[in-house]
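In: just coords:
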């Protein structure tokens with residue numbers, strides 16, 4: 001059974017203050033490339049209405065040269081609190097992009113300094129900034145000067161085991177004007193392998209006065225509570241745990257506020273959510289949305305009889321109706337399976353009653 005310590009419960013009862021901006025939830029939905037578009041955020045928002053959401057990361061250099069803002073930067077004016085995440089290594093381009101982000105409705109501007117992907121780091125962005133702390137400082141200062149909303153940073157603990165530089169780096173970000181820092185407890189070299197080293201998040205929290213958010217291996221309510229207890233962090237950010245499971249941030253948020261765990265959604269409820277996700281992506285992006293939905297559909301299809309076969313079929317869908325038909329068929333099979341189980345259980349109970357009467 002998951003429980004909250006009295007100290008943690010008292011801390012979590014107050015809003016999260018990011019500079020002058022207050023958030024009524026200590027659970028944040030991580031920016032995820034190719035995932036956290038408006039459709040996905042709306043699903044997460046349904047279960048976590050007060051959580052901070054983040055857009056997919058936006059390339060500031062690319063933004064500088066286009067006349068029309070990319071769809072990944074689009075936000076609904078009603079989906080607050082919302083943050084737009086930017087990445088680049090050029091302070092002037094990032095400052096310019098931050099102004100556009102605020103014009104689009106961002107409550108905060110987040111700077112990605114932790115992405116481990118080669119195509120990002122080789123151009124000086126993401127976690128490569130851990131090796132260029134002076135550039136990172138200049139970025140934060142320029143963006144802070146350019147906008148009147150809080151500027152935040154998301155990063156990792158270092159480049160590799162031989163270069164764990166997060167303590168100095170985090171202090172530099174705070175001194176440059178960052179109002180919050182999210183720390184993923186892995187190095188760039190780890191990627192998403194091995195365990196997140198929450199002890200480094202705890203050490204960052206000890207030396208900073210701005211909020212510190214713990215990230216990495218938050219796959220359940222229990223994991224979120226353990227991370228908060230072990231690190232003293234001011235909140236947690238959900239990332240890969242929400243793939244095919246947009247319920248997670250809401251489950252954690254509900255527990256932190258009430259001390260009670262919500263019942264997990266059934267496989268049928270998860271598939272119903274998958275169907276809604278697919279249809280909404282098609283309505284929002286057309287055929288491109290269906291192609292993007294394939295990965296989402298495979299993430300939803302886990303943990304029930306026939307899931308492996310369904311994953312294989314959903315990964316190949318060519319149109320929205322094909323996907324809807326596959327999901328509806330799976331839901332029907334699951335429903336019939338549950339009815340059969342209930343009938344068998346009833347038969348067993350009746351048999352037991354008959355035997356008792358006979359005796």
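Out: Perfect, I can see it now. Remember, predicted model here, so these are calculated numbers, not experimental data. Numbers count the residues shown, from 1 in each chain.

In: what's the helix or strand for residue 14?
Out: Per DSSP states H and E, residue 14 falls between elements, in no helix or strand.

In: next, count neighbours for it.
Out: By other C-beta atoms under 10 Å, 11 other residues sit near residue 14. Quick note: C-beta positions are derived from backbone N, CA and C, even for glycine.

In: what comes up buried for stretch 226-243?
Out: 226-228, 231-243 (16 or more other C-beta atoms under 10 Å).

In: looking at this, residue 28 is in a helix?
Out: No: applying DSSP: H, G, I helix; E, B strand; the rest coil, one finds residue 28 to be strand, outside a helix.

In: so what pLDDT did it get?
Out: Confidence at residue 28, expressed as pLDDT, is 98.

In: one more: residue 65?
Out: Looking at residue 65, its pLDDT stands at 88.

In: need the contact list for it.
Out: By C-beta atoms under 8 Å, 6 or more residues apart in numbering, no residues touch residue 65.

In: same question, residue 141
Out: By C-beta under 8 Å, 6+ apart, the neighbours of residue 141 are 91, 176, 177.

In: equivalent analysis for residue 41, please.
Out: Contact analysis of residue 41 by C-beta under 8 Å, 6+ apart lists 29, 53, 55, 79, 82.

In: which one of the contacts of residue 141 is nearest residue 186?
Out: Residue 186 has its nearest neighbour among these in residue 176, at 23.3 Å by C-beta to C-beta.

In: quickly note the distance from that closest one to residue 292.
Out: In this view, residue 176 and residue 292 are 36 Å apart by C-beta to C-beta, to the nearest Å.

In: residue 226 should be in a helix, yeah?
Out: Yes: Residue 226 sits within a helix when classified using three-state DSSP.

In: out of the contacts of residue 141, which are buried?
Out: 91, 176, 177.

In: contact partners for the first one?
Out: Which is residue 91. 135, 138, 139, 141, 142, 143.

In: can we see that at 6 Å?
Out: 138, 139, 142 (C-beta atoms under 6 Å, 6 or more residues apart in numbering).

In: that older thread, lowest pLDDT pick from the contacts of residue 41?
Out: residue 79 (90).

In: can you report how many residues lie near that one?
Out: Around residue 79 there are 14 residues (other C-beta under 10 Å).

In: and it, what is it in contact with?
Out: Residue 79 neighbours (C-beta under 6 Å, 6+ apart): none.

In: and it, which of the three is it?
Out: Going by three-state DSSP: residue 79 is coil.

In: quick check: it vs residue 29, distance?
Out: Residue 79 is 11 Å from residue 29, where distance means C-beta to C-beta.
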